Every structure is written in structure tokens, then in C-alpha cells.
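Peer 1: Starting from these lines, generate the structure:
(2 chains)
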Amino acid sequence: MTVFKTYLKIFNQYKLIVILYTVILLVFAIFQMKNNENSLSFEAEKPNIYIDIQDENIGLTKNLVDYLSSSTNVVLVDDVSDALFFREVHFVITIPNSYRKDLLSGKNPSIHYQSTNDYQASLVQLLLEKYLRIQSIFLSSLKEESKTILSINKVLEQKATFTMNTHLDTYGLTKAKNYYNFANYAILAGLIYVVCVLNSVFRDEKILKRTKASSKNFKTFNIELFLSNSIFAILLWGLYVLFSFFLVGNVMFSIHGYFYIFNAFLFTMVSLSIAFFIGSFLKNKEAINGIVNVIALGSSFLCGAFVPITFLPKSVLYVVRIFPSYWFIQNNELLSTLEVIDSSAIRTLFFHFTILFFFLVFFLILTNILSKKNLQKETI
Amino acid sequence: MRNIIEVNHLTKVYKNLRAVNDLSFEVKEGEILGLLGPNGSGKSTTINCILSLLTFQEGSIQVFGKPMTPTSYASRKKMGVVFQDVCVFDELTVFDNVDYFCGLYIQNSAVRKEYVEDAIALVGLQDFKKYTPKQLSGGLLRRLNIACGIAHKPQLLFFDEPTVAVDPQSRNNILEGIKILRDMGATIVYTSHYMEEVEILCDRIIILDKGKILASGTSDELKALAKIEEKITVEIIDLPKKYLDKISHFSNVQNVTYSNQVLHVVYKKGKNNLVELIDYFKKEKIKYNKIFSLRPTLNDVFLELTGKELRDS
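Peer 2: Numbering: from 1, shown residues only, chains lettered A, B, ... in the order given. Alright, predicted model coming up:
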């Protein structure tokens, strides 16, 4: 208890900096989540086109113009080339003179067009080609203009109906995924920073010399120090989880949410063991910020905490399996895509949990070995 | 009295430097043993080896009758150490610092509180309990360092140069505190390169140089090794050489020097040397300002044994 009580007293001395650091990381997490919210919704957008009607705007010509007008924004431009260059329009259609007359007389007049060759232009091209194909079919069989127009419009009005059978709250789950993916950085950075700062006080060479000379079992001393640090780790995790209830909402009260919370807890413990391991040999307080950047920021970038995992090269994703962050983020990603958490999903999730657990044990063993070496190390 | 510490043929080598060379000694229960020697003579290395903070190449160390290892926690419970450097938490108050280090030995909080109060009182820091180390002067910091080392009331105490860079008032306070601990029955190993402190405090003294024991014994036993009886110092403005030659031929005189208007006469033996010298000055009408006689010091012993002064080493 002596170590724990003293840990709390020293923590109290550093409380301002610890609170500031934690709040900053939480604010970053909120920003990150809010930024990603924009990518979760979409808005239908019509491409801009310009129609140069050189024919009389009646009958089949008018029907084509009306159809295009209903699916696109028809705009007026002064100079076609400039308008295309500056993307004021994506598609320019020229309906030639006597277009309607040629169609009715059985000829096959061509429509000229220019495009910006982007996806919006492709959409207009698709619409235009679809219309011309239908028009061609009905003209060859019906011959009469009014009947042809009616038939074309009837086909074009047909719409496919579909029903969504899934009840997956994609929006909520993706919000939770983004929030907890950022937790990878916030928890790892927060723990490495705080644990290293506080441990460096206890592991100051002179203080440690007196501790080693005392009757306190060095192993017990290390265990007490680890448990003291774990109080802070659990507080940090709790704070992060608490905020997720406010920020993410309903998803956090579902089975998905519980898995997100448990995944974060396991990762917090792994981060604590990493932080404790670093803290057991790091004596220079000045180096802590550098270590936080290299380990927390580095692994977060590489494992997909900041950028979607799909954007990362396969070779990178293969290499980063050596980081616990990868398995933590994999679980978050998986949870965001699961409608039902069935046995197969649970198996995958628990496989990742097991790997995280092994990381926890690995770093604890490593710290124990280092601590034994520290005890045997000569203190002058 | 039983031996509390037994060091046998201890040898500690740092790369090419033999810091401690075949050192053997024992410390008896209740005594204050002084390790006296210049900087780098192996005093701190010896203490660190006894505390198992350093490994050593040869020899054996037994404390309380048991071999000392890094995990000899039962023996350590009865030991306390005051290091040369101030080893305290800058973040904690005086009370909390002493409480923490005492807590490494004493689990019972009520007993510990009493012990902490006693230690703080012993070093005279009652008025500074709520101060942090940064608010304390160098001397007060040293006292805090001592309080942290002795709070758990150990039977065996190591003081590694506790008075280095300390003002006279704090030094007296520290020495008085150590005397109280001795009176309470603690066995103490005290290292210093201040011979006066060692002479005042210690029952037995070991003089070290280059990791070896040059001599050991009580203060009087060691002084006998200096092979001089007394040193008489006289301030004389002018002393012609003929008088100097005459004085050097007095019986019992070992050595005579005169420089910077100060005459030093070293006697091998004899009981009325001062009277004889004063009579001679009267007879020759030699005027002098001050005259005083000194008994040989441990520095003279060191000089006799090594050919160099303790302070110069």
C-alpha cells in the first residue's frame, strides 16, 4: 500500500498535466468522429449538361430534351470549351438540324457530344445511350411519332422496387468504429505518457537505489507499481467508454457496443503492459514525448486508426500484425460490419482477443525479466 | 559482543581499477566503525558491496550471521542506509518522504507514523514537515536524507559521508543525531574523509587507501602509529638560521621547519617539550606572537603510512 499511496500523492502533483493530456486526446477523438460522420451520409447530385438544340424543339427532339432535363441540370454556357475545362458542365450534347425529320424518315442521325470524361459525364452518357437504344427499338416497329414517344416514356418510367431486409445500424456502428479506432491512439498515447512520467519518479536512479537497499521485495514493489498504474488505466478506459455512450448513442447499449467496450478494455490492459515495460527502463523524462509519437502515433497510422484500413497497402497490413493495435482495430472493423454476432463472428472476435491477451502476457513477462535484470544491475 | 558484519577478503574490480583489494574486517554489535580515507579509496564501494548493490569478484560478506544477497530481505529489514547523495522525492513533502521510505520496512501505519515523527524530531525538521525538498536548504536536505534512512529504527546503520557540503550547524546536528542513535544501541558504519568527525564519533577506525586497509584500531592506537608525540607551532617574525639549527638538535625533536614566519617543531617523544622551547626563546630573547602544541592527528597517521596528506589525496 505504501507504493500505491505514494503513487496517488505523486499523481496528484501531476494531475493538471494528466487531465490536460486526457482531455486533449478525448477532444481529438470527438473531432475525428465528427469528421468521419460526413463520409457516412450521401446526397444525390445531378450532373450539369449543356444541350445545343440545332433542330426544332418538338416531337422526338423535345422528348429527348425533356428526358435529359429530368435527370440532369441543363445549364446555359457562353463558351462550350471553357465550360468543359472549368467543369461548369460535364457533358455537351449537340442535336443536329433535321434530327427529328431524319429519325422519322428512317435514317439514323447521330448526336454529337463532348464530355469531361469523369464519372458524372459517364452517367449522362449512360442515360443518353439508354434513351437512344429504346427510341431506336420503338421507331423501327411503330413508325408513328406520337406512339413512339408514348412507348419510350412508358419504358423509361418503369422503376425497380426493392426492400431492405437488413436492420444493421450502419451509421451508428461506423460512428462507434471510428470512435474506438481513435481510442487506439488516445489510450496508448495517454497510458505511455502518464505511466512513463509517474514511473520515472519511482525509478529515478537515487530513489531506486534506496528502494533496492530496503527490505521491500523488488518483485512486490513492481507489482504494486503496476497495480497503481492499472487504476489510472481503468479510469482512462472508463472515461473513454462513458463518452462513447453520449457520442455514439444506441449502438453502445447493444451487444455490438458491449464487444466494443470489452475490446477497448483488453487493449487498455495491453497498452498498460506496454507502457509499464517502457517505463521500466526509461529514465529520461524528456524522451517520453518522442516515445509516445513513435509508438502510439506510428502504430495508429500503420494499423488504420486514422485512415480506413482499405486504403492501406496489403504489405503494410501484413507487417503490422506484430502490433496489438492491428488486432484491436480488426475487431472494431469486424464489429461495424456484423448484423448478427453469430458463432462464426464470435470465434473471430475471440481469436483476436486471445492474440491481444498474449500480447499482454508477453509484455508482462518481458517487464519481469527486465526488472530482475534491474535488481541485479549494479547501482553505484 | 557478536559480529554484526563480517567481511572476508573482499575484492571489487571495475574494469581495470581494483576499487577494493582483499579487504577483511568485522563490525561488532553496538560499535561505530569509521571508514576513513580519501576520495576513491573504496569506502562507498565497500558499503555498496555489503548492501548487495554491487557485485564483487572475490570474498564473502555476512550480515547478522547470514550471507548477504540482493534478496536478503530479512537482514535488510534490520539495516538502514544514508547515502552520500540526497535520495528523496522532489514531489513529496518532508513527512511524506520519510513516511514512504519508512513504509518500505514498516507496514503498520500507526507504528510507522510514530517512527516517522521520531525520525523527523531526531534530525530537527519538525518545523519543515510540510515543506517539499525544493524548499529546503542544502543542510536541511541532508537532514531529511538521514531521516529517510533511519526512520525504521534499524539495528545496523550505514552513513556514507553524510556531512559532505553541509554547513557547520547542520553538521553538528547530524553528528549529535548519530550519537543519539549510538546511545540507542545501533551499530553504525560511518564513512568520511573528515578525520575530525571520525575521531569524535567512532569507536574503531579503519584507514583505507586505494582499496586496501592501511591501519585499523581505536583513535589512540592509530595515533601511536604516527610515531610522533606532539607538534609545536610558533609564529615568529624573524628567526635566524642559527637558532633553527640549535632547535633541531634538541633531544626528542624529529623535524623542524620555518616558513612564512611560522615555525613547526615535531617531537618524537617527551613530556615537557613546550616548556623547554619557551625557556629557550626567553634565554635567547626571541620574540614570538603565538605558540601552541598539538597532539598527532589521523592525518599524521595517514602521512606516516602513505607519505601524503589525507586532505591532499
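
Peer 1: Where do the strands of the stretch 101-250 of chain A begin and end?
Peer 2: Under the criterion DSSP state E, counting those that start in this stretch, the stretch 101-250 of chain A carries strands at the ranges A:112-115.

Peer 1: Next to chain B, which bits of it? Give me the list.
Peer 2: Within reach of chain B by Cβ under 8 Å from any Cβ of the partner chain, the stretch 101-250 of chain A has these residues: A:201, A:206-207, A:209-218. From N, CA and C alone the C-beta is placed, and that goes for glycine too.

Peer 1: Just the buried residues of those.
Peer 2: Among these, those classed as buried by 16 or more other Cβ atoms under 10 Å in any protein chain shown are A:V201, A:I207, A:K209, A:R210, A:T211, A:K212, A:A213, A:S214, A:S215, A:K216, A:F218.

Peer 1: I'd like those residues as a markdown table, with pLDDT appended.
Peer 2: Shown next, in a markdown table, are those (pLDDT from 0 to 100):
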| residue | pLDDT |
| --- | --- |
| A:V201 | 88 |
| A:I207 | 90 |
| A:K209 | 88 |
| A:R210 | 90 |
| A:T211 | 89 |
| A:K212 | 87 |
| A:A213 | 88 |
| A:S214 | 89 |
| A:S215 | 89 |
| A:K216 | 87 |
| A:F218 | 85 |
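
Peer 1: farthest pair in those residues?
Peer 2: When Cβ to Cβ is used, the two most widely separated members of those are A:V201 and A:S215, lying 21.3 Å apart.

Peer 1: re earlier: filter the buried ones among the residues of the stretch 101-250 of chain A next to chain B down to just the ones in helices.
Peer 2: A:V201, A:I207, A:K209, A:R210, A:T211, A:K212, A:A213, A:F218 (DSSP state H).

Peer 1: per-residue pLDDT, A:S273?
Peer 2: Note on A:S273: pLDDT of 94.

Peer 1: Report whether the expected contact of it with A:T367 is present.
Peer 2: Yes: because the distance of 7.0 Å satisfies Cβ atoms under 8 Å, A:S273 is recorded as touching A:T367.

Peer 1: more neighbours, those two?
Peer 2: Residue environment comparison for A:S273 versus A:T367 gives the larger neighbour count to A:S273, 26 against 21, counting by other Cβ atoms under 10 Å in any protein chain shown.

Peer 1: burial count for the closest residue in space to B:R142 that isn't next to it in sequence?
Peer 2: Counting by Cβ to Cβ, 6 or more residues apart in numbering or on different chains, B:V166 is the residue found nearest to B:R142 once chain neighbours are left out, at 5.1 Å. Counted with other Cβ under 10 Å, residues neighbouring B:V166 total 20.

Peer 1: In this structure B:V166 contacts B:I174, no?
Peer 2: Yes: applying Cβ under 8 Å, one finds B:V166 in contact with B:I174, separated by 6.8 Å.

Peer 1: which non-adjacent residue is nearest A:V201?
Peer 2: The shortest distance from A:V201 to any residue that is not its chain neighbour, by Cβ to Cβ, 6+ apart, is 5.4 Å, and that residue is A:I10.

Peer 1: Check what pLDDT that neighbour gets.
Peer 2: 89.

Peer 1: surely it meets A:S200?
Peer 2: No: in this structure, A:I10 is not within contact of A:S200 by Cβ under 8 Å, at 10.3 Å.

Peer 1: Compare the two and say which one has the larger neighbour count.
Peer 2: A count of neighbours by other Cβ under 10 Å puts A:I10 above the other of A:I10 and A:S200, at 22 against 17.

Peer 1: helix or strand for the more buried one, which one?
Peer 2: In this assignment (DSSP states H and E), A:I10 forms part of helix A:2-13.

Peer 1: Could you list the residues in contact with that helix?
Peer 2: Residues outside helix A:2-13 that contact it (Cβ atoms under 8 Å, 6 or more residues apart in numbering or on different chains): A:18, A:198, A:201-202, A:216, A:221, A:224-225, A:227-229, A:232, B:89, B:91-92, B:96, B:99-100, B:103-104, B:107.

Peer 1: Which residue comes closest to A:Q32 once chain neighbours are left out?
Peer 2: When the adjacent residues along the chain are set aside, A:Q32 lies closest to A:F182, with 4.5 Å between them (Cβ to Cβ, 6+ apart).

Peer 1: show me the contacts for that neighbour.
Peer 2: The neighbours of A:F182, taking Cβ under 8 Å, 6+ apart as the test, are A:F28, A:A29, A:Q32, A:M33, A:A305, A:F306.

Peer 1: can you check A:S273 too?
Peer 2: Taking Cβ under 8 Å, 6+ apart as the criterion, A:S273 is in contact with A:F359, A:L360, A:F363, A:L364, A:T367.

Peer 1: Name the helix or strand for it, please.
Peer 2: Here A:S273 is assigned to helix A:255-281, by DSSP H and E.
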